[in-house]
Structures are given as structure tokens and as C-alpha cells.
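In: curious how this folds, go ahead:
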Amino acid sequence: MPFDLQGRVALVTGSTTGLGRAIAIGLGRAGAKVAMNYFRNAERAERAFADFQAQGCQGKLFRADASQELDVDHLARHVAEQLGPIDILVVNATPDQPLLPIEQYTWRHYETMLDFFIKSPYLLTRACLPHMKQQRHGRIINITSEVFDRGVGNFSAYVSAKGGQVGFTRSMATELAPFNITVNQVAPGWIPVERHANDPQTEKDAYRALIPMNRWGTPEDVAGAVVYFASDEAGFVTGQCLSVNGGMTRA
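Out: As a prediction, this is how the structure comes out:
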């Protein structure tokens, strides 16, 4: 079976809703033991984990703020104790993403984005590296976004931080390649999930009309790209970006 992840342990941050939930299920179906992570809304997290298990997947549910150093260190240790050391890291957790003109943003908006898309990838990567380096194998997958390539307006805090995450991915790919650790990124387009439920329909329709493949993307489309990067088949692929957006951007 291609993309067989039997014997691997994966951590997916922010994985009880939206894209993260689909990614966790995709990795679980491929055979990995998955650490599903959440920070708020324990009831929703428990429901998501029950669905994960109902689909034949194995793993555990862990509460942690993926943007805080002590939480990340405790998370990595608890995952190792309960499932085994982390072989596959998927950095997915995200905050609210307000669209505002530059004059209406505050520096705190920017700090929040940097916490999730620069600080969190750094803390998580650092926590997972000792095991990955020791076994000379690892997969780090950052969930970025097409917004960096498209330069979306009225979104400068998010776009700027995602650009930083892209740079971090590229630098880590070079630094960690000698240890047989790959670092890649999956860049989804606008894929409607729970947090988009109240987005204006006019904005959804306008974006949908631009997609060359003439359909909305699904969380499962993103999960498939992540499973590929996590697999042995992608062992000679690092520093790359796989855009999952139906042709909205082209490398």
C-alpha cells in the first residue's frame, strides 16, 4: 500500500476542527498513531476524537496551546509517553483571521499571527527534533496558505506571518536535510470549514468563480497532500510547497 504510515506517530496541532481534523483522520487511516490537539472547547474536541476512533484510527487527544513554550514542551513529552516519540509533525493550529485595512490593525493582531505561524512552528520543531535527529528520520509539514503568493489585500497581518512561515520552512529544509528530516508545506486555498460559516456569501461566490477546477476544495484534498509528504514516498522531497487550491496559484 502506498503512503503506509504504520509504526509512525504523528502530532497535528489544531486538529479537532476543519482542515486539521481531516488531516488527523487521513494520517490515521494511513496507519499512523495520531496525537490530536486542541486548546479550547473540550466538548467539541471529544466529539471529533470519537469520530476519529469510529473510522478505525488510533491515537490520543491532547489539550495544549501550541503557541506557548511550556505547553509545547509538555505536549511533546506527553505524546511520547502515551503514543511514542513524534515522527511526523503537522503545524496546523490557527487563530481568528480578521480582514482589515492596515489602519485598523493593531500590533496585537500582528503578534497573534506571529505567535501561531512563526513562534509555534519554531517551538514545535525544536521539541520534536531530538528524536528525529537520533533516528535520522522525520517529517515536518507546515500548513501555510495561498494568500502569501496571491498577496491578498486587507489581510496584511495574516499574509505577513504566513510569509515568515514559508521562510522558516525553506530554511529548516536546508538545515535538517543532512539528518534525513524533510520539511515541506501545504498551501490550501479558501476551503470553507466551520469557521467560515458566517462569511459573506458574496465573498464566497466571488472566490468560487475564480477557481480553475470549477469546484470548492475539501479538507480531504488537503489531508491527501499531507499524507503524501508524511510518507516514505516523499523521502527525497524537501523544502517544497504543494498548493491545494484547484489552480488558483502556480509555482
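In: where does Gln134 land on pLDDT?
Out: According to the prediction, Gln134 has pLDDT 98.
In: what is the helix or strand hosting it packed up against?
Out: For Gln134, the host element (DSSP states H and E) is helix 120-135. Where contact means 3 or more C-beta pairs under 8 Å, 6 or more residues apart in numbering; DSSP states H and E, helix 120-135 is packed against helix 69-82, strand 88-91, strand 138-143, helix 156-176, strand 181-188. Any C-beta I mention is one placed from the backbone N, CA and C, and that applies to glycine too.
In: out of those, deepest packed?
Out: strand 88-91 (a mean of 29; mean count of other C-beta atoms under 10 Å).
In: what helices or strands is that one leaning on?
Out: Short answer (3+ C-beta pairs under 8 Å, 6+ apart): strand 88-91 packs on strand 9-12, helix 18-29, helix 120-135, strand 138-143, helix 219-230.
In: hmm, 7 Å instead?
Out: Judged by 3 or more C-beta pairs under 7 Å, 6 or more residues apart in numbering; DSSP states H and E, strand 88-91 is in contact with strand 9-12, helix 120-135, strand 138-143.
In: most packed of these?
Out: Buried most deeply of the helices and strands packed on strand 88-91, by mean count of other C-beta under 10 Å, is strand 9-12, with a mean of 29.
In: strands paired with that strand, and their directions?
Out: strand 33-38 (parallel), strand 88-91 (parallel) (DSSP bridges).
In: let me see the mean pLDDT of that strand.
Out: 98.
In: with stretch 21-31 instead?
Out: 98.
In: run the chain-centre distance for that stretch.
Out: Centre-to-centre, stretch 21-31 and its host chain are 12 Å apart (C-alpha atoms, centre = their mean, to the nearest Å).
In: for the closest residue to Leu27 other than its chain neighbours, give its distance to Gln82.
Out: Among residues not flanking Leu27 along the chain, Ala10 sits closest, at 4.7 Å (C-beta to C-beta, 6 or more residues apart in numbering). Look at Ala10 and Gln82: by C-beta to C-beta, to the nearest Å, they are 13 Å apart.
In: also Leu99?
Out: From Leu99 to Gln82 the distance is 39 Å (C-beta to C-beta).
In: do Met113 as well
Out: 31 Å.
In: no further queries at this time; thank you.
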